[in-house]
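> 3D model of this:
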Amino acid sequence: PPQERGTTVKKRWISLLLSVLLVAVFAVNAQAAAPYVISNDNNASQRYELSSFAEVQAKLEEIKRSATDTDKYTLTLNQDLVIQGKNNTVELSGGTKTIQWTVEGNGFKITKNPQDTDQEDKVIIVGYQAKAVLNNVVVDGQNTYQNIYVSQKAKLTLGNKAIVQNGMNKLGGTGGVHVADDGTVIMEGGSQVINNHTVVPGTPGGGLSLRKRCTAIIKDGALIKGNSSTQQGGGISALGDSNITIGKATIEDNVAKGLKDYGGGGALFMLSNCKADIDGAIMKNNSASHGGAIYINNGCKVTVKNTEMSKNHAGETGGGIYSRTDEELLVENNKFLNNKADQAGGGIVLYGTNREEASAKPAIIRNCLFDGNDGTTRSGAIDAWVMLTVENSTIKNNVATMGGAVCAVTDLPITIKDSEFTKNAASQYGGAFALFNRTKNNVKDVTIENTKFTGNTAVLSGGAIGSYRAGALKVSGSTFTANKALTPDSLNGLGG
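Have a look, this model is predicted:
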């Protein structure tokens, strides 16, 4: 009948249309199925579909030889890119040109066959003056290779979901990202540098290693975790006039393994006139001999604001921060929680560049909370050998042998104002505050204004304040409540 014939025709047309659609889908998938694609962002006709690492390497070398300063290329991964053969790497370069590269990883890896051990110990090289952006890609050193080397004057940006992991340079150098002189590294939110390590003794910077005059910008939401160095800077090491900016990033579980003065900065190590602006970071569970979280040395200028430092550990001094600089240090609106030092300064230790001369600009601690820190021998919260001002801060539940909260060993002025010292404890002197002047000459005054001392204890003397060979102690507008010193001795005790 005509009606049945019409229905049959419709079915045939539908079947034909579906077949055409399927062919089109397969064609699109076939086009997208090339494992790797390199394309010129400025010239759509230059699009190269590649099926192996050898083809990728050859095309990268060709572009390196012919690049201009305005070229922009993208390498797209549709499967893992495994570097094969000795002395090979992925080099994102334009020779001497300021070429720009973008890697769109689509969640895939760039890695190197761990059996191909050789002198080319890097997974990725960003060439001289080149710029490279890595998006949604995992760079994996297989616990054998350095992950990324950023050449002189080059710039690397780790974009969202870019992960640099498992770097371990057995020939020397950092495991994660090494930035050569005048280079730049930027970590965007969602990027990670994790589980990278140095192996050769004396090598700094497990996660990021900055040489001279480098720039590092660690943005909100970035993560630096589980890295270690055999010397300084488990997470980040910065040398020689480098600049570091850290936002609301997390830096945790990093370790600097160097002993004594050669092991500093579990999270961040700075040396020789570096500058750092840290605002809103979380630094926790990092460890080092000095400066469980941060080590500042030799002319570095640092500001730390709105940052939480918790459960960091120093095998010697400075559970949270170790500072040995003659530049001003500003610490503002921070929380120091449950940090520990095995010798002194559970929260912070403050020295001048030459500790014996104590010739430093002031350290300013403002609007901070120190809670539950342990300085072991001296200074549960703050160990000061420099000019110090503490303002509008709460210092509570800290412990040490001398100076449960603060121990000042200096001939320079100390000012405490508008603050609270509560339930700090010393097993010897100065439950809240112990003062020791270094010499009998040139002793400066200690000024305490509008500050509350409540429930602090010392086993020997100075339940609130213990003072030895200090200058004039000027106290005004302050209250002392329920502080206790159990046994008097030659120290002069105030508030119990």
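> quick one: low-confidence ranges for the stretch 101-250 of the chain?
117-120 (pLDDT under 70).
> just the helices in it please.
All residues of the stretch 101-250 of the chain lie outside helices when identified by DSSP state H, counting those that start in this stretch.
> burial check on Y73, number of neighbours?
The number of residues packed near Y73 is 23, by other Cβ atoms under 10 Å. To be clear about C-beta, it is placed using only N, CA and C from the backbone, and glycine gets the same treatment.
> nope, E91 is what I meant
For E91, the tally of surrounding residues (other Cβ under 10 Å) stands at 20.
> ok, now T303?
T303 has 15 neighbouring residues, counting by other Cβ under 10 Å.
> so which helix or strand takes in the residue nearest to it when sequence neighbours are not counted?
Counting by Cβ to Cβ, 6 or more residues apart in numbering, the nearest residue to T303 once its immediate chain neighbours are dropped is L330, at 4.6 Å. In this assignment (DSSP states H and E), L330 forms part of strand 329-332.
> in contact with the residue nearest to T303, which residues?
Contacts for L330 (Cβ atoms under 8 Å, 6 or more residues apart in numbering) come out as 302-305, 364, 366.
> if we can go back for a sec, so what are the sheet partners of the strand holding L330 and their directions?
strand 301-305 (parallel), strand 363-366 (parallel) (DSSP bridges).
> relative to the whole chain's centre, how far out is the lengthiest strand in the chain?
Taking DSSP state E as the criterion, the chain has its longest strand at strand 43-50. Put simply, strand 43-50 sits 39 Å off its chain's centre (Cα atoms, centre = their mean, to the nearest Å).
> partner strands of it, parallel or antiparallel?
When pairs are called by DSSP bridges, strand 43-50 turns out to pair with strand 36-40 (antiparallel).
> could you dump the partner strand to CSV, C-alpha only?
Taking Å, rounded to 0.1, in the frame of the first residue of the first chain, the C-alpha atoms of strand 36-40 are listed here in CSV:
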residue,chain,number,x,y,z
TYR,A,36,50.8,15.1,18.4
VAL,A,37,50.1,18.3,16.5
ILE,A,38,52.3,21.3,16.1
SER,A,39,50.6,24.4,14.7
ASN,A,40,51.6,28.0,14.0
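> buried sites along it?
Buried residues in strand 36-40, counted by 16 or more other Cβ atoms under 10 Å: 36-39.
> quick revisit: bridged to the residue nearest to T303, which residues?
T303, I364.
> just the pLDDT for it.
According to the prediction, L330 has pLDDT 96.
> how near is it to K301?
When Cβ to Cβ, to the nearest Å is the yardstick, L330 and K301 sit 9 Å from each other.
> contacts only, for V177.
Counted by Cβ under 8 Å, 6+ apart, V177 has contacts 147-148, 150, 156, 164, 185, 193, 207-209.
> ok, and the closest non-adjacent residue to it?
I148 (4.6 Å).
> and that neighbour, bridged to which residues?
Applying DSSP bridges, one finds that I148 bridges with I124, V177.
> hang on, isn't S51 packed against Y36?
Yes. Counting by Cβ atoms under 8 Å, Y36 is a contact partner of S51 at 7.4 Å.
> how about T144: what's its closest non-neighbour residue?
P114 (4.6 Å).
> surely Q343 touches T377?
Yes. Using Cβ under 8 Å, Q343 is in contact with T377, at 5.4 Å.
> top of the contacts of L330 by neighbour count?
Most neighbours among these, by other Cβ under 10 Å: V304, with 28 neighbours.
> and that residue, what's its pLDDT?
98.
> for G466, give its distance to C407.
9 Å.
> shared neighbours, the two?
With Cβ under 8 Å, 6+ apart as the test, G466 and C407 both reach 430, 433-435.
> drop anything exposed from those.
Among the shared contacts of G466 and C407, those buried by neighbour count (16+ other Cβ under 10 Å) are 430, 433-435.
> can I get those in CSV including secondary structure and pLDDT?
Listed next are the buried ones among the shared contacts of G466 and C407 as CSV, based on DSSP: H, G, I helix; E, B strand; the rest coil; pLDDT from 0 to 100:
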residue, secondary structure, pLDDT
G430, coil, 94
F433, strand, 95
A434, strand, 92
L435, strand, 87
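> out of those, flag the one nearest to S237.
The shortest approach to S237 among the buried ones among the shared contacts of G466 and C407 belongs to A434, at 33.8 Å (Cβ to Cβ).
> quick check: closest non-adjacent residue to that closest one.
G403 (3.5 Å).
> cool, and G105?
Closest to G105 by Cβ to Cβ, 6+ apart is V137, at 2.4 Å.
> that'll do, ta.
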